[in-house]
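Visitor: From the sequence below, what's the structure:
(2 chains)
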Amino acid sequence: MTFQLIINIIIGIVWMFLSESYTFVSFLCGFAVGVFLLYLLNRFIPDSFYFRYVNAIMYLIYLFAKELILANIEVLKWVYKPKLDMQPGIIALPIDLKKNWEITLLANLITLTPGTLSVDISRDQRYIYIHAIDLPDVNDTIMGIKETFEKAIREVT
Amino acid sequence: MKETVISLFLIAGTFFILSGTIGVLRFPDVYSRLHAATKSATLGVSGVLIATFLYFLFDMGIFSGKLILGIIFVLLTAPVGGHMISRAAYRSGVPLWEKTAYNQLEEKEKKDGQL
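Guide: Below you'll find the predicted structure:
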């Protein structure tokens, strides 16, 4: 993965020199050409094609943008509702992720998604405590987060 | 056409910021206020920055990386800030709203003594 990324960046820089324009845009063009070349020559380079990871990351970003917009609409609903009859609560979400950065990413994603806010992480890193603004069904909320985000994060690693 | 797209982004962004502010004023406790603050601020600021980015790109032909970086950093820092504020609030004993239905964190704390 690292090896392929370095090759790709080198191709981008070489492209920049060849086209004699030292701008970010021409670097991006070169980078795109590099991705194409790496895809063609995939069989001769060690490791699998690293854009598989990029695909997973792209999916994560797409998911995240979608959830962020949904989250805002949800908050809007609560802000402009005349009566504050929501039912907030703090729930414990069991997590299967192991690495620190994965847990950080999950906690950040939880904060920016509909109706949830990560409050604390247990010391043994097996639970994230989430404050949810409206809790009709605890298990539904937990399953929703586990199905979408944890799966997507696991794809990346 | 260009103006329409840019204005749409600007209006959406400012609208989200405005509703976030109203939410901060209306919601009952720290935790629900943070919901309004973190989410709407993120999307609102991103909307305004995207509008600025498009304006620079279309009207002046400048690809402004700074604005993209701005969006990325807002996305990175807003949830961390929200998490730290809520954690600090919980640790220093800020009470939850009286209508709060569940508190599994408290149950766990009681069981284990301390987190």
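
Visitor: Now do the contacts for the residue nearest the centre of chain B.
Guide: Central residue of chain B (CA atoms, centre = their mean): B:Thr38, 2.1 Å from the mean position. Neighbour list for B:Thr38: A:Thr111, A:Leu112, A:Leu117, B:Ala78, B:Pro79, B:Gly81, B:Gly82 [criterion: CB atoms under 8 Å, 6 or more residues apart in numbering or on different chains]. All C-beta spots, glycine's among them, are computed from the backbone N, C-alpha and C.

Visitor: What subset of those is buried?
Guide: By neighbour count, with 16 or more other CB atoms under 10 Å in any protein chain shown, those hold A:Thr111, A:Leu112, A:Leu117, B:Ala78, B:Pro79, B:Gly82 as buried.

Visitor: could those go into TSV alongside secondary structure?
Guide: Shown next, in TSV, are those (DSSP: H, G, I helix; E, B strand; the rest coil):
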residue	secondary structure
A:Thr111	helix
A:Leu112	coil
A:Leu117	strand
B:Ala78	helix
B:Pro79	helix
B:Gly82	helix
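
Visitor: any chance of the residues you listed in CSV, with distance to A:Ala92 and pLDDT too?
Guide: CSV is the format used below for those (distance: CB to CB, whole Å; pLDDT from 0 to 100):
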residue, distance to A:Ala92, pLDDT
A:Thr111, 16, 80
A:Leu112, 20, 76
A:Leu117, 14, 82
B:Ala78, 24, 85
B:Pro79, 19, 84
B:Gly82, 19, 85
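
Visitor: quick check, nearest of the residues you listed to A:Glu67?
Guide: A:Leu112 (7.2 Å; CB to CB).

Visitor: For chain B, see how far away A:Trp101 is.
Guide: Look at A:Trp101 and chain B: by CB to the nearest CB, to the nearest Å, they are 12 Å apart.
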